[in-house]
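Undergrad: Here's my sequence, what's the structure:
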Amino acid sequence: MQSRTWSIVRGLARRRAGAAAGAPSGSGSGVGSAQFGGLGPSLHSAGISTGSACMLARQNGGFGDGGFIDSIRIGGVVLPNHKRLEYSLQSIHGIGRARARQILSELNVENKVTKDLSKAEIVTLREEIAKYMIEGDLKRFNRAAIERLEGIKCYKGIRHELALPVRGQRTKTNCRTRKEKRA
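TA: A predicted model of the protein is given here:
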């Protein structure tokens with residue numbers, strides 16, 4: 001129910017922003033009016049898009065009395081809102097079950113639903129996760145290691161080049177996904 005309410009509010013904000021684009025900036029009829037969190041007289045003149053206006057209003061507590069944040073973005077990944085923190089951290093490439101539990105125990109953060117985190121907890125979580133190699137950096141590191149093996153023409157490198165199993169698995173009946181169809 002709440003997500004439907006937010007989509008309606010976003011739609012209203014977009015319509016008002018479209019109407020305010022043609023109106024003078026001081027008219028008060030745009031997204032920057034007092035009912036949208038008092039974000040200023042005109043967001044378009046400041047170069048802020050309507051979607052950003054909605055996010056700014058929510059972060060500043062402009063919509064409703066709670067002022068909760070819609071989604072949390074850590075390491076370039078939007079964490080799922082309705083999962084517990086231990087499981088939502090696992091959506092980041094490079095963080096598994098063990099590392100998620102380790103992070104939570106180091107920070108002494110309760111394993112609550114992601115949308116219930118406070119801003120201070122989010123900041124400490126971001127700082128802790130920044131210590132690890134995740135997402136793009138980890139993928140580049142792994143790809144460089146494989147390219148090094150292919151470059152020196154060792155057994156594992158040759159198996160990678162031929163798209164065959166690398167770790168000694170049989171190939172007569174299994175490894176259908178590893179042996180891709182080549183055109």
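
Undergrad: Residues touching the helix or strand hosting Val78, excluding its own?
TA: Element membership for Val78, per DSSP states H and E: strand 77-79. Residues outside strand 77-79 that contact it (C-beta atoms under 8 Å, 6 or more residues apart in numbering): Ser71, Ile72, Arg73, Ser88, Leu89, Ser91, Ile92, His93, Thr114, Glu135. From N, CA and C alone the C-beta is placed, and that goes for glycine too.

Undergrad: between the residues you listed, which is nearest Glu161?
TA: Taking C-beta to C-beta as the measure, Glu161 sits nearest to His93 out of these, at 24.1 Å.

Undergrad: ok, now which ones touch the closest one?
TA: Val77, Ile134, Glu135, Leu138, Lys139.

Undergrad: okay if I get these as a markdown table plus distance to Leu162 and neighbour count?
TA: Formatted as a markdown table, the contacts of His93 follow (distance: C-beta to C-beta, whole Å; neighbours: other C-beta atoms under 10 Å):
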| residue | distance to Leu162 | neighbour count |
| --- | --- | --- |
| Val77 | 33 | 17 |
| Ile134 | 30 | 19 |
| Glu135 | 28 | 17 |
| Leu138 | 25 | 16 |
| Lys139 | 22 | 13 |
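
Undergrad: Could you list the low-pLDDT ranges of this structure?
TA: Along the chain, the parts satisfying pLDDT under 70 run over 1-69, 182-183.

Undergrad: That one: helices as residue ranges?
TA: Along the chain, the stretches classed as helices by DSSP state H are 2-22, 43-46, 50-59, 85-88, 97-107, 119-129, 135-151, 155-161.

Undergrad: Packing partners of the fifth one?
TA: Think helix 97-107. helix 85-88, helix 119-129 (3 or more C-beta pairs under 8 Å, 6 or more residues apart in numbering; DSSP states H and E).

Undergrad: and it, which residues are buried?
TA: Buried residues in helix 97-107, counting neighbours by 16 or more other C-beta atoms under 10 Å, are found at Arg99, Ala100, Ile103, Leu104.
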